[in-house]
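Colleague: this one's sequence-less:
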Ligand code: PEP
Ligand code: MG
């Protein structure tokens, strides 16, 4: 056993992107919220105040668009979205109305933003995610009104570990990965914006690190993005050793090529999560053996009317063509909750994640499902694709599964269901009698097992698939798969965590489906372990006390 070094201090967070980094801390904090109570403006000052607000909002838009013009791809799109919020006529009108009634511009900006944040949060889904942009726009406009520079991340002269309470999309758009060694935030969850950006940039990342406010600017820290640790007081020599080992790990990932195979020579089915033909081609080029999840709802997030069968078919065909001879699992519309689809989602629900989403939308509109199944069947026929499988999201009862399976089989395809609701894991054998395969959606299975909103930045510790409760249900499903001879895949984010991927394999999961950018890391990790080692790790995590202990046990068994 290694003794804790008394000169070192360790702070724990939720690990999101693995990797080691060592360097000085640079902090970025959101500005303090100004006092909401302020004396009313005299009538004579209100016109000028309205002009000040409009000028500040215009300047924010202009600055964001300038940055968008100087960026490309994803970064430019993020900046344009934030600029569009600062130009939003309804938000501006609300603020101006407040100023006309005598509220000073800073307080009017805050009042209007709060009002919209509440509305967006109530609407849920993508709109709820926009609240970070809204607050960002508020802080930028207020900074302009107060004659301060707009908030943003520091532009360091040497590489730093960036610490933040939270990062906004505009903060991270265009972030130069050569100047940032790692990202660490106090808030945020595994699916937060910070995590997505860090994954794209390949920067080690830890979120929900509650005690980082004790760490001062310029302090040298060692970040371990796999363990979720921030260590203070590490000497240069030790840090250099850890960095060398990490470089070897990265080189192994870079050199990985398909097929996915364990160290003992066993082949393993490593598939990809995609959204359309383009991402399917990207997945094929990155080495996926097929598609484990085509999220069809992402094709229709802006559709106000149901697309025709012909139009839908034209969307599915390129994905099937990208994997002409391989397995493709198309998921029917998972509309609702975090992915509202205008033509399919109910307008007002108090708790959208527990509401009419996924297959449940068929209760109101069965024709949407029937048309979609027709379109998938037609696409498979026209492409001569013989390995098209179709699965339903948000199944929670046996009658639903039976009904869905019947509709898919009538159309000559193979039916499966997602395991996202705990009732399905609990009754897994009975569900498996009805369908040909299941795929575990660990994002929702964890959310519903832990009763923790997967989008909440305050609940990252709960929305963690390493939680023993979630692991027990995954294991239960895998055991049922073995007993009934039913293939059990995992297509939630858990499959993209290389350490957890080994545990899942050890539990008996038969395929993993991950975002294309994670294929190499998962493939490389699996190539380093045997099935027996994975099985030991799986057995060990099932006795874990909490998510940290589960990670520790897996690493110990696998020697990682
Ligand atoms: C899941 O819930 O894990 C899943 C894959 O579905 P989605 O993330 O699309 O809800
Ligand atoms: Mg889901």
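Modeller: Perfect, I can see it now. Just so it is clear, the structure is predicted and the values come from calculations on it, not from any experiment. Ligands and ions are numbered 1, 2, ... in the order given.

Colleague: Only C-alpha atoms from now on, for both contacts and neighbour counts.
Modeller: Will do.

Colleague: Give me every residue in the stretch 351-500 of the chain lying close to ligand 1.
Modeller: For the stretch 351-500 of the chain, the residues found near ligand 1 under the criterion C-alpha under 6 Å from any ligand atom are 420, 441-444, 491-492.

Colleague: Show me those that map onto helices.
Modeller: Within these, residues falling in helices by DSSP state H are 442-444.

Colleague: So which of the residues you listed wins on neighbours?
Modeller: residue 442 (28 neighbours; other C-alpha atoms under 10 Å).

Colleague: which residues does the residue nearest to it when sequence neighbours are not counted contact?
Modeller: Distances taken as C-alpha to C-alpha, 6 or more residues apart in numbering place residue 492 nearest to residue 442, at 4.5 Å, with adjacent residues excluded. Residue 492 is in contact with 440-444, 513-514, counting by C-alpha atoms under 8 Å, 6 or more residues apart in numbering.

Colleague: swap the cut-off to 10 Å and go again
Modeller: If a contact means C-alpha atoms under 10 Å, 6 or more residues apart in numbering, then residue 492 has 273, 293, 420, 439-446, 465, 512-515 as its contacts.

Colleague: for the protein, longest strand please?
Modeller: As assigned by DSSP state E, the longest strand anywhere in the chain is strand 20-28.

Colleague: Toward the C-terminus, what is the element adjacent to it?
Modeller: Reading on from strand 20-28 to the C-terminus, the next helix or strand found by DSSP states H and E is helix 46-69.

Colleague: Ligand 1 contacts on the protein?
Modeller: Near ligand 1, when you scan the chain using C-alpha under 6 Å from any ligand atom, you find 420, 441-444, 491-492.

Colleague: Rebuild those as CSV, extending it with pLDDT.
Modeller: Output for these, formatted as CSV (pLDDT from 0 to 100):
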residue, pLDDT
420, 98
441, 97
442, 96
443, 92
444, 94
491, 96
492, 92
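
Colleague: can those residues go into CSV with extra columns for distance to residue 7?
Modeller: What follows is those, written out as CSV (distance: C-alpha to C-alpha, whole Å):
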residue, distance to residue 7
420, 45
441, 42
442, 39
443, 38
444, 41
491, 42
492, 39
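
Colleague: State the mean pLDDT of stretch 182-190.
Modeller: The pLDDT scores in stretch 182-190 average 84.

Colleague: what's the answer for stretch 131-139, then?
Modeller: 88.

Colleague: start the count at 42, not 1, going forward
Modeller: Got it, first residue is 42 now, which makes that one stretch 172-180.

Colleague: Run through the residues that contact the residue in the stretch 192-341 of the chain that ligand 1 sits nearest to.
Modeller: Distances between the stretch 192-341 of the chain and ligand 1 by C-alpha to the nearest ligand atom are smallest at residue 336, namely 6.4 Å. By C-alpha under 10 Å, 6+ apart, the contact set of residue 336 is 314-317, 370-375, 434.

Colleague: again, 7 Å this time
Modeller: 315-316, 372 (C-alpha atoms under 7 Å, 6 or more residues apart in numbering).

Colleague: since we're on the residue lying closest to residue 123 once chain neighbours are set aside, how many residues are nearby?
Modeller: In space, and not counting its chain neighbours, residue 123 is closest to residue 174: 5.8 Å by C-alpha to C-alpha, 6+ apart. Residues lying near residue 174 (other C-alpha under 10 Å) number 23.

Colleague: List phi and psi for residue 174.
Modeller: Main-chain torsions, residue 174, degrees, to the nearest 10: phi -60, psi -40.

Colleague: Check whether residue 51 really touches residue 274, as I assumed.
Modeller: No - Residue 51 is not in contact with residue 274 according to C-alpha atoms under 7 Å; the separation is 9.0 Å.

Colleague: that older thread, can I get the contacts of residue 336 in JSON lines with neighbour count?
Modeller: Output for the contacts of residue 336, formatted as JSON lines (neighbours: other C-alpha atoms under 10 Å):
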{"residue": "315", "neighbour count": "25"}
{"residue": "316", "neighbour count": "19"}
{"residue": "372", "neighbour count": "23"}
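
Colleague: surely residue 287 meets residue 61?
Modeller: Yes - with contact defined as C-alpha under 7 Å, residue 287 reaches residue 61; the gap is 6.1 Å.

Colleague: In terms of neighbours, single out the busier of the two.
Modeller: residue 61 (24 against 17).

Colleague: Listing request: residues of the stretch 142-291 of the chain with sub-threshold pLDDT.
Modeller: Along the stretch 142-291 of the chain, the model assigns pLDDT under 70 to residues 164-170, 215, 230-234.

Colleague: One more pass at 80, please.
Modeller: The stretch 142-291 of the chain contains residues with pLDDT under 80 at 161-171, 209-216, 229-238, 240-242.

Colleague: Just give the number of residues close to residue 449.
Modeller: 22.

Colleague: what number of residues lie near residue 280?
Modeller: Quick note: residue 280 (other C-alpha under 10 Å) scores 17 neighbours.

Colleague: Over to residue 300?
Modeller: 15.

Colleague: Tell me where the stretch 142-291 of the chain has strands.
Modeller: Taking DSSP state E, counting those that start in this stretch to define them, one finds strands in the stretch 142-291 of the chain at 201-205, 221-226, 246-248, 261-265, 270-273.

Colleague: Just name the most buried of those strands.
Modeller: Mean neighbour count (mean count of other C-alpha atoms under 10 Å) peaks for strand 246-248 among the strands of the stretch 142-291 of the chain, with a mean of 33.

Colleague: Who does it pair with, and is each partner parallel or antiparallel?
Modeller: In the sheet, strand 246-248 lines up against strand 55-58 (antiparallel), strand 221-226 (parallel) (DSSP bridges).

Colleague: Can you point out the buried residues in the longest strand of the chain?
Modeller: By neighbour count on 16 or more other C-alpha atoms under 10 Å, the buried set for strand 61-69 is 61-69.

Colleague: again with stretch 132-150
Modeller: 132-133, 135-137, 139-141, 143-150.

Colleague: and what of stretch 584-599?
Modeller: 585, 588-596, 598-599.

Colleague: what's the farthest-apart pair in the residues you listed?
Modeller: Across the buried residues of stretch 584-599, no pair lies farther apart than 588 and 599, at 16.7 Å, counting by C-alpha to C-alpha.

Colleague: where does the stretch 442-591 of the chain dip in pLDDT?
Modeller: Ranges of the stretch 442-591 of the chain meeting pLDDT under 80: 496-499.

Colleague: is it true that residue 314 touches residue 331?
Modeller: No - in this structure, residue 314 is not within contact of residue 331 by C-alpha under 7 Å, at 9.2 Å.

Colleague: which residues are common contacts for those two?
Modeller: By C-alpha under 7 Å, 6+ apart, no residue touches both residue 314 and residue 331.

Colleague: how far does stretch 575-583 sit from the chain's center?
Modeller: 26 Å (C-alpha atoms, centre = their mean, to the nearest Å).

Colleague: Contacts for it, please.
Modeller: 509, 512-513, 543-544, 546-548, 591, 594-595, 598-599.

Colleague: try it again with 10 Å
Modeller: 303, 507-510, 512-513, 516, 540-549, 567, 572-573, 588, 590-600.

Colleague: Now do residue 98 against residue 87, distance only.
Modeller: Taking C-alpha to C-alpha, to the nearest Å as the measure, residue 98 falls 17 Å from residue 87.
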